[in-house]
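Visitor: Generate coordinates for the sequence data below:
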Amino acid sequence: MMTIDLDNKRYYERLDHTGFGQRLREFPADCLRGWQEGRQFPIPVEFRRAKSVLLLGMGGSAISGDLLQPLVQAPIQVCRELTLPPGVGQDTLVVASSYSGETEETLAAFAQALNGLGPKLALASGGRLVDIARQKNIPLFELHHPGPPRAAMGYTFFALAGILTQIGLLSLVDADVQAVSLSLQAQVSRLDIGSPLASNQAKRLAQK
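Guide: Residues are numbered from 1 along each chain as shown. The predicted structure follows:
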């Protein structure tokens, strides 16, 4: 059986055509940047009356809501369906999250939410969701990230965390996020391709 030298950087350069390794190296900084942008996002007055959160999304765009559920000091629900769940009222902040802005389920559920009186927010990098937000004068957090949706999870998670902290539904401070970013950076250093096989758990797992 052929043995691959996992300490040889040329293997990674040849196989990682999309540059995903670099996206992973940038993940700790992405978290910090998302937090800062979320904290600086202009919060409309009606957001502050929200007593619950409904996040509409699929795939990587929905995971932020899942991860926030045990942290947010209010009910937060994630909807991956074409229709809204029951109980969406005027005190529910409806967040439509679609990296591409073209996710059918998210767009369909958000179209229903537009008929309600509650506060609404859109997170997208482009597509129809951006167009709808601008047409309907809905606050839009534009996602500026160079990688695919799965690589942007840290950025989108902390951007939403920053917004919810502004509203008062989440209790985080800058020091918390900086500590997370530093911890992640230490993990990157331990697991990156420059870290030798003998002490690199990721490489040892890959070898097995």
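
Visitor: can you give me the strands for this structure?
Guide: Counting by DSSP state E, the segments of the chain that form strands are 52-56, 76-79, 92-98, 120-124, 140-142.

Visitor: Leaving out the residues flanking it, which one is nearest to the residue nearest the centre of the chain?
Guide: Nearest residue to the geometric centre of the chain (Cα atoms, centre = their mean): T156, 2.5 Å. With Cβ to Cβ, 6 or more residues apart in numbering as the criterion, T156 has its nearest non-adjacent residue at 5.2 Å, and that residue is S64. The way it works is simple: take the backbone N, C-alpha and C, and place the C-beta from them, glycine included.

Visitor: Stretch 116-135: which residues count as buried?
Guide: Neighbour-count burial for stretch 116-135, with 16 or more other Cβ atoms under 10 Å as criterion, is recorded at 118-125, 128-130, 132-133.

Visitor: brain fart, stretch 96-110
Guide: 96-101, 103, 105-107, 109-110.

Visitor: Would you mind measuring the gap between the ends of it?
Guide: Distance between the two ends of stretch 96-110: 6 Å, counting by Cα to Cα, to the nearest Å.

Visitor: Outside of that stretch itself, list whatever touches it.
Guide: Contact with stretch 96-110 is made by 55-62, 64-65, 79-84, 94, 113, 120-132, 143, 149, 152, 156, 160, as judged by Cβ atoms under 8 Å, 6 or more residues apart in numbering.

Visitor: same thing but at 6 Å, please
Guide: Stretch 96-110 is contacted by residues 55-58, 61, 79, 82, 84, 122-130, 149 when judged by Cβ atoms under 6 Å, 6 or more residues apart in numbering.

Visitor: do the same with stretch 143-152
Guide: 23, 60, 99, 125, 155.

Visitor: got the buried residues for the longest helix along the chain?
Guide: Identified as the longest helix of the chain according to DSSP state H is helix 174-191. Neighbour-count burial for helix 174-191, counted by 16+ other Cβ under 10 Å, picks out 177, 180-181, 184-185, 188, 191.

Visitor: Which elements pack onto that helix?
Guide: Under the contact criterion of 3 or more Cβ pairs under 6 Å, 6 or more residues apart in numbering; DSSP states H and E, the helices and strands touching helix 174-191 comprise helix 27-40.

Visitor: tell me the mean pLDDT over the helix it packs on?
Guide: Within the predicted structure, the mean pLDDT of helix 27-40 is 96.

Visitor: Send me that helix as CSV with only the CA atoms.
Guide: Provided in CSV are the C-alpha atoms of helix 27-40 (Å, rounded to 0.1, in the frame of the first residue of the first chain):
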residue,chain,number,x,y,z
PHE,A,27,-11.4,30.9,10.6
PRO,A,28,-10.3,32.4,13.9
ALA,A,29,-9.9,35.8,12.3
ASP,A,30,-13.3,35.4,10.6
CYS,A,31,-15.0,34.8,14.0
LEU,A,32,-13.6,38.1,15.3
ARG,A,33,-14.5,40.0,12.2
GLY,A,34,-18.0,38.7,12.2
TRP,A,35,-18.4,39.7,15.8
GLN,A,36,-17.1,43.2,15.2
GLU,A,37,-19.4,43.7,12.2
GLY,A,38,-22.4,42.4,14.0
ARG,A,39,-21.8,44.7,17.0
GLN,A,40,-21.6,47.6,14.7
